[in-house]
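Trainee: The sequence isn't on hand, but the structure is:
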Ligand code: 9MR
C-alpha cells in the first residue's frame, strides 16, 4: 500500500495530464489568500521529495499555502542520520521553495519521543550528561542553520501522557528517561537562549474532542504549560494537532474554553496538523466528505473564534496523507481515506470549502 500511494508514477502521470493549466476553475484562488483576507494564516505539511518531483503537487502547495511545515525533514531521523552529522537537504528544499513562493515555514520538531535513529536512542541511554550534550549540539546545529528561514519551532511534540494508558503527566520517552521531567523546561530554555526571537511552541494531539480522554488530555496540557510558565520557562504557543476523528463527539464550548484558558496564559494557539480520520463506513464518498467538512468547520471555527490565528493541515491532497500511506491507518474496507482539503485529482473537496467558510467566519450549511 505504501508503495502504491507514495509519490511517483501515479502523480507524475497526473502532473503530465493537468499541469498545462487544467486545474479546476474553483481552485484558482487558494486558501492562503482567502485566509489572509480574514487575518488567518493557512498552511500545510509538505514533503521535500514531492515538491521536487510532482509539479501538480508543487503548484497546489504554492497556490494554497502561506505556511509550510516539514512532515519529515526537520525530525531527528532526517536531520541526524549518523552521529556527528547533520543533513539539511530536505529542510533546505522546503525552506527554498517557501522563499520562492512567499511562504513562512514552521519547524517540527526539536524534541519528540519518536523518529530518532538507533544511534540517537543509544546516546540518550548513555546518561544525562551525554543526552544534554546531544540536545545542545542539535539546537546549535539546527536553530543556527535555520535561523534565517524558520522563526517558529515545535520545541516539544506529544510529551503529555495519553489518559487511556497512563495516569502520569508526561509520556514515557527516551528524553524523559535520560533527563527526567525537567527535560521540557531545559529544551525550551536552551532554545530561547540560542535565539531570543523564536516563537517556541508546544504541540500535541488528543485535545480536540468531547470525550473523557480528550478532556483529561486538555487538563494535562494546561497543567504542563501552566507549570512551565510558573517556573519562568519561555513558551509562546500551543499547537493543537487536530487529527480529528470524524464521528467522535465534538463540543464547541469545551474546546473554546480550553483555547481561551491557553490564551489567558498569554499563549498563542494554532492548529498544526489538521486532517480527518474516518471510520470504515460508509463507502460512498459524498456522505464521508460532508461529515469531514462539517467537523472541520466546527473545529476550525471554534479555535478561530476563541483567538487562534493559524491553521495548518497535515498535507494537502488525500493520496499523500499519512492516513493513506501508513498501513496501520488503512480503513478496514480497503478504500482510500479522504482526510484532506484536495482530492486525488487536486480538486477542492467539501473540506476545502469548509475551511474557506471558517476562515471567513461564515456558517457551514
Ligand atoms: O505524517 C508523518 C509520517 O509521514 C511520518 O512517518 C511519521 C514519523 O515521523 O510522522 C508523521 O507525522 C506525525 C507528526 O510528526 C506528529 N503528529 C502525528 C503525525 C502523524 O503520525
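Mentor: Done, it's in. Everything quoted here is computed from the prediction, not taken from an experiment.
Trainee: Flag every buried residue along the helix or strand where residue 33 lies.
Mentor: Here residue 33 sits within helix 31-37, counting by DSSP states H and E. Buried residues in helix 31-37, counting neighbours by 16 or more other C-beta atoms under 10 Å, are found at 31-32, 34-35. The C-beta positions use only the backbone N, C-alpha and C, and glycine is treated the same way.
Trainee: Then stretch 108-128?
Mentor: Across stretch 108-128, burial judged by 16+ other C-beta under 10 Å covers 108-113, 116, 119-120, 123-124.
Trainee: quick one: which of these is nearest to residue 140?
Mentor: Minimum distance to residue 140 across the buried residues of stretch 108-128 is 11.6 Å, recorded for residue 110 (C-beta to C-beta).
Trainee: and the chain, which of its residues are near the ligand?
Mentor: 71-72, 75, 114-115, 157, 241, 273, 322 (C-beta under 6 Å from any ligand atom).
Trainee: from the residues you listed, which ones fall inside helices?
Mentor: Among those, the ones falling in helices (DSSP state H) are residue 322.
Trainee: Pull out the buried members of the residues of the chain next to the ligand.
Mentor: 71-72, 75, 157, 241, 273, 322.
Trainee: what's the most distant pair in the buried residues of helix 31-37?
Mentor: Maximum pairwise distance in these, criterion C-beta to C-beta, is 7.4 Å, between 32 and 34.
Trainee: Skip the chain neighbours and tell me the closest residue to residue 307.
Mentor: Spatially, and ignoring its direct neighbours in sequence, residue 307 is nearest to residue 263 (4.4 Å; C-beta to C-beta, 6 or more residues apart in numbering).
Trainee: secondary structure element for residue 222?
Mentor: Remark: residue 222 resides in helix 212-230, with elements defined by DSSP H and E.
Trainee: follow-up on the earlier one: C-terminal to the helix holding residue 33, which secondary structure element comes first?
Mentor: strand 41-46.
Trainee: helices or strands up against that following strand?
Mentor: Helices and strands touching strand 41-46, by 3 or more C-beta pairs under 8 Å, 6 or more residues apart in numbering; DSSP states H and E, are helix 31-37, helix 55-64, strand 67-70, strand 104-111, strand 310-313.
Trainee: cutoff 7 Å now
Mentor: Applying 3 or more C-beta pairs under 7 Å, 6 or more residues apart in numbering; DSSP states H and E, we find strand 41-46 packed against helix 31-37, strand 67-70, strand 310-313.
Trainee: Could I get the full set of strands for the stretch 51-200 of the chain?
Mentor: 67-70, 104-111, 150-157, 199-204 (DSSP state E, counting those that start in this stretch).
Trainee: Identify the residues contacting whatever residue of the stretch 201-350 of the chain ends up closest to the ligand.
Mentor: Per C-beta to the nearest ligand atom, residue 322 is where the stretch 201-350 of the chain lies closest to the ligand, at 3.5 Å. Contacts of residue 322 were listed using C-beta atoms under 7 Å, 6 or more residues apart in numbering, and they are 314, 329.
Trainee: need the contact list for the closest residue to the ligand within the stretch 101-250 of the chain.
Mentor: Closest residue of the stretch 101-250 of the chain to the ligand, C-beta to the nearest ligand atom: residue 115 (4.0 Å). Applying C-beta under 7 Å, 6+ apart, we find residue 115 in contact with 75-77.
Trainee: Could you dump those into TSV with pLDDT added?
Mentor: Output for the contacts of residue 115, formatted as TSV (pLDDT from 0 to 100):
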residue	pLDDT
75	98
76	98
77	98
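Trainee: What separation do you get for the residue nearest to the spatial centre of the chain and residue 208?
Mentor: The chain has residue 273 as the residue nearest its centroid, 3.1 Å off, counting by C-alpha atoms, centre = their mean. Using C-beta to C-beta, to the nearest Å, residue 273 is found at 11 Å from residue 208.
Trainee: list residues touching both of the two?
Mentor: residue 242.
Trainee: before we move on, back to that, in TSV, list the helices and strands packed on strand 41-46 along with mean pLDDT.
Mentor: Shown next, in TSV, are the helices and strands packed on strand 41-46 (pLDDT from 0 to 100):
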stretch	mean pLDDT
helix 31-37	98
strand 67-70	99
strand 310-313	99
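Trainee: Could you save these as TSV and add columns showing distance to residue 362?
Mentor: Listed next are these as TSV, based on distance: least, C-beta to C-beta, whole Å:
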stretch	distance to residue 362
helix 31-37	11
strand 67-70	22
strand 310-313	15
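Trainee: Tell me how far the residue nearest to residue 145 when sequence neighbours are not counted lies from residue 191.
Mentor: With sequence-adjacent residues excluded and distances taken as C-beta to C-beta, 6+ apart, residue 145 is closest to residue 88, at 5.6 Å. In this view, residue 88 and residue 191 are 18 Å apart by C-beta to C-beta.
Trainee: of these two, who's got more company?
Mentor: residue 191 (23 against 16; other C-beta atoms under 10 Å).
Trainee: Give me the secondary structure label for residue 291.
Mentor: Secondary structure state of residue 291, per DSSP: H, G, I helix; E, B strand; the rest coil, is helix.
Trainee: What is the burial count for it?
Mentor: Neighbour tally, residue 291, other C-beta under 10 Å: 18.
Trainee: Kindly report the same for the one 10 residues further on.
Mentor: A count of neighbours around residue 301, defined by other C-beta under 10 Å, yields 22.
Trainee: what sits against residue 358?
Mentor: By C-beta under 7 Å, 6+ apart, residue 358 lies in contact with 297, 300-301, 304.
Trainee: got it, and residue 93?
Mentor: By C-beta under 7 Å, 6+ apart, residue 93 lies in contact with 48, 51-52.
Trainee: Return the distance of it relative to the ligand.
Mentor: According to C-beta to the nearest ligand atom, to the nearest Å, residue 93 stands 16 Å off from the ligand.
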